[in-house]
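*Asks:* need coordinates for the following:
(one chain, ligands or ions: 1)
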Amino acid sequence: MEQTHGIPENHYREAAEHIRARLSVAPEVGLVLGSGLGPLVDEIEGAQAIPFQEIPHWPRATVQGHAGKLVGGTLEGRSVLVMQGRLHFYEGYSLAQVTLPVRVMRLLGIDTLILTNAAGGLNRSFSAGDIMVIEDHIFPAGFSGTNPLHGPNLGMFGPRFPVHTHTYSRQLRALAHRVAAQHGFTLREGVYVSLSGPAFETPAEVRLFRAWGGDAVGMSTAPEALVACHAGMRVLGFSSITNISLDSTTAQQEVSHEDVLRAGKQIVPRLATLLRGVLRELPPLDPGEIENAPEHD
Ligand code: HPA
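*Replies:* Numbers count the residues shown, from 1 in each chain. Below is the predicted model of the structure:
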């Protein structure tokens, strides 16, 4: 039996079977809700909730502001499967565990994944309350080998050496900008720096990430995007800019998880509008946009 990081192939399949048996509709789109963004599930029609702990092999959410439920239902006529609460590396999970839900979604037939997160703004023109569509990411943990695709490759999902030139769908980014313009609000676009956490970045790191070309910084998203892209899924990512990252040790303010949750709440209505608009107009997946294909079934 093939394994990745100790996760055997059948664990993904068993989790998918369990979820499939409990949902009345096969999901098309996966959605991961970041810190403070959980209330977006209230938008789902015909919601069927499955607590993480009832799904075989599924890690539990341990962070405040992450409910730990998988919710199936429809939004704007699309069948969606929503992670209300995500899993993070800093909770003590391996990146293979953190990204297990993405692979399970793939086995359920989901080909489009929308990732959301709360992030600090690095770009000097950003303000708290902005929404940024993710153009690309920087994943420093990956520089030293901490990558969710580390270990034997599971060819049923994708290739040994996946290409990540277009991790975040150009087509869906363009659609997100159109939807934002239709509703008269500004949508930022930029590079997300994905840290392991749980420590917030230091001011010196903020200056470094800016020099690298980072526009926002947070503690999630890149692992899921890497695994989704490996599995030939189309990915769209949104960062809700809950605070501006401090770049000087003389700064008086501090950032706290509570502030992040509070700011996230204020962004929810605009993010909901954006998600609804994207789902309403979601084009069929263009195979030409997909960089990676499975090596075998
Ligand atoms: N840094 C890292 N993660 C975050 C931040 C931040 O400033 N804000 C919200 N999540």
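
*Asks:* confidence score at the residue of the chain most remote from its centre?
*Replies:* Going by Cα atoms, centre = their mean, the residue of the chain most distant from its centre is Thr250, 32.9 Å out. Thr250 is assigned 89 on the pLDDT scale.

*Asks:* around the ligand, pick out the residues from the stretch 51-200 of the chain.
*Replies:* Within the stretch 51-200 of the chain, the residues that sit near the ligand (Cβ under 6 Å from any ligand atom) are 118-120, 200. Where C-beta positions appear, they are placed from N, C-alpha and C, glycine not excepted.

*Asks:* which of the residues you listed lies closest to the ligand?
*Replies:* Of all those, the ligand sits closest to Gly120, with 2.2 Å by Cβ to the nearest ligand atom.

*Asks:* surely the closest one is in a helix?
*Replies:* No. Gly120 sits outside any helix when classified using DSSP: H, G, I helix; E, B strand; the rest coil, being strand.

*Asks:* what's the closest non-adjacent residue to it?
*Replies:* Ser245 (3.7 Å; Cβ to Cβ, 6 or more residues apart in numbering).

*Asks:* what do you get for Phe139?
*Replies:* Phe139 sits nearest to Ala222 (Cβ to Cβ, 6+ apart), 4.1 Å away.

*Asks:* helix/strand/coil for Gly129?
*Replies:* Using three-state DSSP, the structure places Gly129 in coil.

*Asks:* and the pLDDT at it?
*Replies:* pLDDT recorded at Gly129 is 91.

*Asks:* equivalent analysis for Thr4, please.
*Replies:* 49.

*Asks:* going forward, begin numbering at 780 instead of 1
*Replies:* Shifting the count to begin at 780 puts that one at Thr783.

*Asks:* I'd like to know how many residues surround Gly817.
*Replies:* 24 (other Cβ atoms under 10 Å).

*Asks:* touching, it and Gly864? I think so.
*Replies:* Yes. Contact status for Gly817 versus Gly864: in contact at 6.4 Å, counting by Cβ atoms under 8 Å.

*Asks:* for the ligand, see how far away Gly908 is.
*Replies:* Between Gly908 and the ligand the computed distance is 12 Å (Cβ to the nearest ligand atom, to the nearest Å).

*Asks:* returning to that earlier point: roughly how far apart are the residue farthest from the centre of the chain and Ile1023?
*Replies:* Separation of Thr1029 from Ile1023 (Cβ to Cβ, to the nearest Å): 15 Å.

*Asks:* the strands in this structure, which residues?
*Replies:* 782-783, 786-787, 808-812, 824-830, 848-854, 857-863, 891-900, 910-917, 967-973, 995-997, 1013-1023 (DSSP state E).

*Asks:* next, format those strands as JSON lines and append mean neighbour count.
*Replies:* Shown next, in JSON lines, are the strands of the chain (neighbours: other Cβ atoms under 10 Å):
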{"stretch": "strand 782-783", "mean neighbour count": "19"}
{"stretch": "strand 786-787", "mean neighbour count": "16"}
{"stretch": "strand 808-812", "mean neighbour count": "26"}
{"stretch": "strand 824-830", "mean neighbour count": "14"}
{"stretch": "strand 848-854", "mean neighbour count": "21"}
{"stretch": "strand 857-863", "mean neighbour count": "24"}
{"stretch": "strand 891-900", "mean neighbour count": "27"}
{"stretch": "strand 910-917", "mean neighbour count": "22"}
{"stretch": "strand 967-973", "mean neighbour count": "23"}
{"stretch": "strand 995-997", "mean neighbour count": "26"}
{"stretch": "strand 1013-1023", "mean neighbour count": "25"}
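
*Asks:* adding distance to Ala1051, write those out as JSON lines.
*Replies:* Shown next, in JSON lines, are the strands of the chain (distance: least, Cβ to Cβ, whole Å):
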{"stretch": "strand 782-783", "distance to Ala1051": "35"}
{"stretch": "strand 786-787", "distance to Ala1051": "33"}
{"stretch": "strand 808-812", "distance to Ala1051": "11"}
{"stretch": "strand 824-830", "distance to Ala1051": "13"}
{"stretch": "strand 848-854", "distance to Ala1051": "9"}
{"stretch": "strand 857-863", "distance to Ala1051": "12"}
{"stretch": "strand 891-900", "distance to Ala1051": "11"}
{"stretch": "strand 910-917", "distance to Ala1051": "11"}
{"stretch": "strand 967-973", "distance to Ala1051": "18"}
{"stretch": "strand 995-997", "distance to Ala1051": "20"}
{"stretch": "strand 1013-1023", "distance to Ala1051": "11"}
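
*Asks:* so which of those comes closest to Pro927?
*Replies:* Counting by Cβ to Cβ, Pro927 lies closest to strand 782-783 out of the strands of the chain; the figure is 8.5 Å.
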